[in-house]
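In: Could you look at this predicted model? Sequence included:
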Amino acid sequence: MDYDKLLEKGIKELPSISQEKDRFEIPKVKGHIEGNKTILINFTQIASTLRRDPDHLLKFLLRELATPGNLDEKRLVLGRKISSSQINEKIESYAKIFVLCKECGKPDTQIMKEGKANILRCTACGARHIIKTKI
């Protein structure tokens with residue numbers, strides 16, 4: 001067989017590429033505005049989907065949204081009116097910084113402390129990256 005025929009045969013026999021990134025989907029915030037406050041009822045579900053401590057996610061959101069807030073059992077109460085699209089945007093930003101691996105894009109990561117630096121270690125591919133953002 002010549003090279004071109006072997007190449008075509010090899011390409012045909014390649015396994016199909018599966019889109020594993022589709023398996024990880026951040027839930028959209030569910031909540032309502034009550035007076036001057038925004039209440040998110042699925043905050044703990046979002047934190048568990050991201051596999052992060054709710055307090056860590058809470059600190060990030062309060063800083064990014066520049067608002068006071070607190071956890072009230074399973075819901076988050078924010079001290080001002082904020083649109084759900086703005087909150088979803090901040091949660092996606094959190095996921096890019098603190099959850100998704102920079103090499104393979106998978107959410108199978110852990111935050112580890114090494115000295116003064118926080119390291120994002122991927123359990124899927126073994127990559128390690130320094131987290132530059134401080135909370």
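Out: Received the coordinates, thanks. Numbering: from 1, shown residues only.

In: Only C-alpha atoms from now on, for both contacts and neighbour counts.
Out: Noted.

In: Correct me if wrong: F60 contacts T133.
Out: No. Contact criterion CA atoms under 8 Å: F60 and T133 do not qualify, at 9.9 Å.

In: Compare these two and say which one has the larger neighbour count.
Out: Comparing F60 with T133 by other CA atoms under 10 Å, the one with more neighbours is F60, at 19 against 10.

In: gap between the helix or strand where that one lies and the chain center?
Out: Assessed by DSSP states H and E, F60 sits inside helix 54-65. Between the centre of helix 54-65 and the centre of its chain there are 13 Å (CA atoms, centre = their mean, to the nearest Å).

In: which of the residues in it are buried?
Out: Across helix 54-65, burial judged by 16 or more other CA atoms under 10 Å covers 54, 57-58, 60-61.

In: which other residues reach the next helix or strand after it?
Out: Going down the chain from helix 54-65, the next helix or strand is strand 69-72, by DSSP H and E. Contacts to strand 69-72, defined as CA atoms under 8 Å, 6 or more residues apart in numbering, come from residues 58, 62, 76-79.

In: and what of stretch 97-113?
Out: Residues outside stretch 97-113 that contact it (CA under 8 Å, 6+ apart): 21, 24, 50, 118-125, 127, 129, 131, 133.

In: how long is that stretch from one end to the other?
Out: Terminal residues of stretch 97-113 are spaced 15 Å apart (CA to CA, to the nearest Å).

In: Next, the buried residues of that stretch.
Out: Buried, per 16+ other CA under 10 Å, within stretch 97-113: 98-102, 105-111.
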